[in-house]
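Q: With the input below, show me the fold.
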Amino acid sequence: VFDEVYFPLDAQKYLAGQGFFDIHPPLAKWLFAAAEWLFGYHIAAPYDQVGVTAQTLLCPVINPCIYTFSWRVVPFIANVGLLTILWLLVARITKSWQAALIALVVLGFDGLLFIYSRLGLMDGVMYFFAFAAFYVFVVALDQKKKLSQSLLILLAGVLSGCAIAVKWLGLASLILAGIW
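A: Sure thing, here's the model as predicted:
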């Protein structure tokens, strides 16, 4: 949860047009910034206090905190999408809806995914793009028409690029497709 202190502020810096150094690629923070622009945000204190949560810094004490929703909605949507992609991927590979249901339940009740889906962290967004790329790649392998297959492989490449544009670890999506 430590990183949630930084990512919403980075997104707000994008909205303010401020330059800053960040080790991660910008796509997830751009998505956070779009949600913050759409739903609102509030900078109440500096973020450079180690151990202070984003909710403590950004939420007025007397008002209910509506601002955390703006940067937490993106990971939530991404992780719900990840569950959908996992269902489709397992059902396609195994040809069994029962196996897909088991995979969905296992991932749905995984504590890490649950935590990542309710905090302003970038990992769930990266996992969504990586698994979406792999699913589209698997679908492309089943295509008989070369044009359809080529377009789907191009889409898988774009989704892999999105995973890489969230975190460098997204390179694993290309490696996974290469092994497959």
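Q: CA atoms for contacts and neighbours, from now on please.
A: Noted.
Q: Count the residues that sit near Phe7.
A: Using other CA atoms under 10 Å, Phe7 has 21 other residues around it.
Q: Surely it and Leu119 touch.
A: No: contact criterion CA atoms under 8 Å: Phe7 and Leu119 do not qualify, at 10.4 Å.
Q: those helices in this protein, which residues are they?
A: 7-16, 27-39, 54-58, 67-94, 97-108, 111-117, 123-141, 146-166, 171-179 (DSSP state H).
Q: buried set for the fourth one?
A: Same thing as helix 67-94. Using 16 or more other CA atoms under 10 Å as the test for burial, helix 67-94 gives 67-76, 78-83, 85-91.
Q: residues touching the residue positioned nearest the centre of the chain, list them.
A: Closest to where the C-alpha atoms of the chain average out (CA atoms, centre = their mean) is Val125, at 0.6 Å. Counting by CA atoms under 8 Å, 6 or more residues apart in numbering, Val125 makes contact with Ala28, Val74, Pro75, Ala78, Asn79, Ala163, Val166.
Q: Need the phi and psi values for Gly40.
A: phi 100, psi 150 (degrees, to the nearest 10).
Q: I'd like to know how many residues surround it.
A: Neighbours of Gly40 (other CA under 10 Å): 15.
Q: That one and Ala34: what is the separation?
A: 10 Å (CA to CA, to the nearest Å).
Q: got it, and Ser117?
A: Taken as CA to CA, the span from Ser117 to Ala34 is 18 Å.
Q: In the chain, where is pLDDT below threshold?
A: Where the chain drops to pLDDT under 70, the residues are 1-2, 42-67, 177, 180.
Q: now stretch 108-127, how far from the centre of its chain.
A: Offset of stretch 108-127 from its chain centre (CA atoms, centre = their mean, to the nearest Å): 8 Å.
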